[in-house]
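Asks: Make a model of this:
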Amino acid sequence: MLVGVAATPDVAIPTLDWLIGSEHKLDLVITQPDKPSGRGRAMRQTAVADWATSHAIPIVKPESSQELAGIVDHLDCIITIGYGVLLPQPILDLPKHGFLNLHFSLLPSYRGAAPAQRALQNGESVTGVSVFKLDKGMDTGPIYTQSSVAIDTSWRSYELLFALAQAGPAAVDAALSMIESGQSPMPQTGPSTLAPKISKQEAKLDFSQDSRTLVNSIRAFTYEPGAWCIWKGEPFKITSALSQQNSSVGPGIISVEGQRIIVGAGNNSYIELLTVIPAGKKEMKASDWARGARLKGGESFD
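Replies: This next block holds a predicted model:
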């Protein structure tokens with residue numbers, strides 16, 4: 001099949017790598033326009049554009065989806081992976097078999113921009129990938145294939161997204177085979193849930209919550225946008241922690257127990273900090289931060 005890929009983040013790269021070695025021909029990559037990035041605000045293209053450049057695949061960076069008319073009409077289908085743009089139905093209808101989406105949940109659960117993160121936030125033990133035909137709704141189209149991925153209890157969104165990205169090629173391969181053999185996708189069934197985009201403000205930790213909720217939030221929000229609080233007036237990120245019970249330490253209060261750095265939480269629980277990112281510094285062990293900060297215990301996060 002003659003296919004295109006519309007994608008933005010690096011989670012699309014395993015599927016792109018598979019496509020160029022498959023029986024299908026990757027004819028075109030569509031990605032979002034270059035944007036200013038970093039402290040210098042220099043213009044930078046997406047991770048997918050970097051990949052396409054290195055593999056000499058033609059790239060289109062439309063400012064408007066209408067620009068795709070006349071560019072994608074010859075394709076058998078287009079696979080979208082985190083493209084980040086809602087496409088109107090007239091554009092979706094241009095390729096012979098339309099647009100497929102590789103979505104990181106078992107639809108209809110977790111429709112939206114942050115399915116993997118919301119699954120972690122809610123303490124799920126299993127999620128997966130779905131390949132479905134795009135329609136004008138929000139992740140509502142009929143499904144070609146799905147596969148499950150068990151969530152390791154230590155995984156944060158960084159590790160979960162990596163695992164889901166690795167599951168993508170097999171799911172896309174199966175979907176393309178279905179199309180080639182004339183099989184139709186099946187309508188979504190069952191209760192649906194939403195997975196809206198995560199704001200930086202939402203990722204601020206509330207230590208009045210119980211430790212399990214806090215750890216799930218840390219797992220969900222690491223590394224983007226980052227689970228954070230305030231330490232001495234500066235943003236402070238917690239990138240991994242353990243949930244513990246039975247504590248007399250008040251919410252947000254820090255206690256130092258040898259090499260263990262604990263922070264009180266709601267319902268007489270606490271979290272044990274494992275790794276942190278202080279303002280202006282790189283990720284480090286919590287014990288190293290505590291030693292450098294000369295913690296004595298009794299200090300608090302805001």
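
Asks: what does the longest strand seen in the chain contact?
Replies: Longest strand of the chain, by residue count under DSSP state E: strand 234-245. With contact meaning CB atoms under 8 Å, 6 or more residues apart in numbering, strand 234-245 is reached by 156, 205, 211-212, 214-215, 218-219, 222-223, 226-230, 262, 268-280, 283, 301. (Each C-beta comes from the backbone N, C-alpha and C, glycine too.)

Asks: let's see 6 Å
Replies: Contacts to strand 234-245, defined as CB atoms under 6 Å, 6 or more residues apart in numbering, come from residues 211-212, 215, 218, 222, 226-229, 269-279, 283.

Asks: same check, this time on stretch 106-122
Replies: For stretch 106-122, the external contacting residues (CB under 6 Å, 6+ apart) are 104-105, 127-128, 130, 138-139, 146, 157, 160-161, 188, 190, 192-198, 216, 219-220.

Asks: Out of these, which sit inside strands?
Replies: Counted as lying in strands by DSSP E, out of those, are 127-128, 130, 146.

Asks: Between these, which sits nearest residue 75?
Replies: residue 130 (21.4 Å; CB to CB).

Asks: Could you check the pLDDT of that closest one?
Replies: At residue 130 the predicted local confidence, pLDDT, stands at 98.

Asks: for residue 140, same thing?
Replies: Model confidence at residue 140 (pLDDT) stands at 97.

Asks: Kindly report the same for the one 5 residues further on.
Replies: With respect to pLDDT, residue 145 scores 98.

Asks: Over to residue 207?
Replies: Residue 207 is assigned 97 on the pLDDT scale.

Asks: With the one 5 residues further on instead?
Replies: In the predicted model, residue 212 carries a pLDDT score of 97.

Asks: May I ask you to name the longest helix in this structure?
Replies: What stands out as the longest helix in the chain, according to DSSP state H, is helix 157-180.

Asks: ok, the closest residue to residue 134 other than its chain neighbours to residue 33 distance?
Replies: For residue 134, ignoring the flanking residues on the chain, the nearest one in space by CB to CB, 6 or more residues apart in numbering is residue 99 at 4.2 Å. For residue 99, the distance to residue 33 (CB to CB, to the nearest Å) stands at 19 Å.

Asks: Looking at these two, which is more packed in?
Replies: Between residue 99 and residue 33, residue 99 has the larger neighbour count (other CB atoms under 10 Å), namely 24 against 11.

Asks: quick one, phi psi at the more buried one?
Replies: Note on residue 99: its backbone torsions stand at phi -110, psi 140 [degrees, to the nearest 10].

Asks: Check what pLDDT residue 267 gets.
Replies: In this model, residue 267 is scored at 95, pLDDT.

Asks: separation between it and residue 255?
Replies: Distance of residue 267 to residue 255, computed by CB to CB: 17 Å.

Asks: higher neighbour count, those two?
Replies: More neighbours sit around residue 255 than around the other of residue 267 and residue 255, counting by other CB under 10 Å; the figures are 20 against 13.

Asks: ok, the more buried one touching residue 261?
Replies: No - distance between residue 255 and residue 261: 7.8 Å, which falls outside the contact criterion (CB atoms under 6 Å).

Asks: Strands along the stretch 201-302 of the chain, start to end?
Replies: 228-231, 234-245, 254-257, 260-265, 269-277, 284-285 (DSSP state E, counting those that start in this stretch).

Asks: quick one: least confident helix or strand in the chain?
Replies: Taking mean pLDDT, DSSP states H and E as the measure, strand 35-37 is the helix or strand of the chain with the lowest mean score, a mean of 83.

Asks: neighbouring contacts of the following helix or strand past it?
Replies: Elements were assigned by DSSP states H and E; along the chain past strand 35-37, the next helix or strand is strand 42-44. Outside of strand 42-44, the residues that reach it under the criterion CB under 6 Å, 6+ apart are 34, 36-37.

Asks: Also stretch 78-89?
Replies: Around stretch 78-89, the neighbours that count as contacts under CB under 6 Å, 6+ apart are 4-9, 11-12, 65, 95, 99-102, 136.
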